[in-house]
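> Here is a sequence together with a model predicted from it:
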Amino acid sequence: MKLRQMTIGDYSQLKSLWVPEEMESDDNQLQRVLDRNPGTCWVIEDQGEILAASLGLYDGRRGFVQSVAVRKDRRHEGLGTEVVQKTIESLKDCGTKRIRLFVRKSNAEVLQFYKKLGFAVEEGCYYLYDTSGTPV
Ligand SMILES: CC(C)(COP(=O)(O)OP(=O)(O)OC[C@H]1O[C@@H](n2cnc3c(N)ncnc32)[C@H](O)[C@@H]1OP(=O)(O)O)[C@@H](O)C(=O)NCCC(=O)NCCS
């Protein structure tokens, strides 16, 4: 088992991980994410199979964690914790003091996972500007 940086060559396996979880997936976008965030996007791989993934995004001030997913048959083995901890560590190395992530209301049970990782729920105002014109 190997924890390593994500590459664009991982895309087809990442798509299989993300699409069933209704996470956005597009290879051009992933390439841009990787170009803009060198060293903060991670996967756990075992014998060529991607088991877990996490994107760390840094905007020059704040860090964000996105698209965290573990293969269904390998959940509850600590892989999610490992890949997110590495993402947090690498975002800290960028110099960020705060890391945010978003959890859908429909996925609220996952808050327990993030709580164990040290995240706290931030009460606040949430806005969405939908550039596609399609209701979300
Ligand atoms: C959330 C997810 C990444 C967790 O990955 P994982 O490898 O199973 O997590 P870990 O084994 O590191 O879990 C550590 C602890 O977090 C908690 N936890 C993990 N998944 C949980 C869930 N779905 N609901 C509630 N608590 C959870 C448990 O306390 C767990 O410890 P335990 O297994 O001893 O009970 C995985 O369930 C997943 O891919 N879910 C679908 C995608 C998703 O919802 N991603 C988050 C989007 S915001």
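That came through, no problem.
> In this protein, what residue lies closest to the ligand?
Gly80 (2.4 Å; C-beta to the nearest ligand atom). Where you see a C-beta, it was placed from the backbone N, CA and C, and this is true even at glycine.
> Verify the stated contact: that residue with Phe113.
Yes - using C-beta atoms under 8 Å, Gly80 makes contact with Phe113 at a distance of 6.3 Å.
> what helix or strand does Val43 sit in?
Per DSSP states H and E: Val43 is located in strand 42-46.
> The very next helix or strand once past that strand - contacts with which helices or strands?
Counting by DSSP H and E, the element after strand 42-46 in chain order, helix or strand, is strand 49-58. Applying 3 or more C-beta pairs under 8 Å, 6 or more residues apart in numbering; DSSP states H and E, one finds that strand 49-58 makes contact with helix 11-18, helix 27-36, strand 42-46, strand 63-70, helix 79-94.
> before we move on, the earlier item: excluding sequence neighbours, find me the nearest residue to the residue of the chain closest to the ligand.
Using C-beta to C-beta, 6 or more residues apart in numbering and skipping residues adjacent in sequence, the residue nearest Gly80 is Val70, 4.7 Å away.
> hang on, the earlier thing: so for Gly80 and Phe113, which residue has more residues nearby?
Gly80 (24 against 17; other C-beta atoms under 10 Å).
> list the contacts for that one?
52, 68, 70, 113 (C-beta atoms under 8 Å, 6 or more residues apart in numbering).
> interface residues of this structure facing the ligand?
21, 68-70, 75-81, 103, 107, 109-110, 112-113, 116 (C-beta under 6 Å from any ligand atom).
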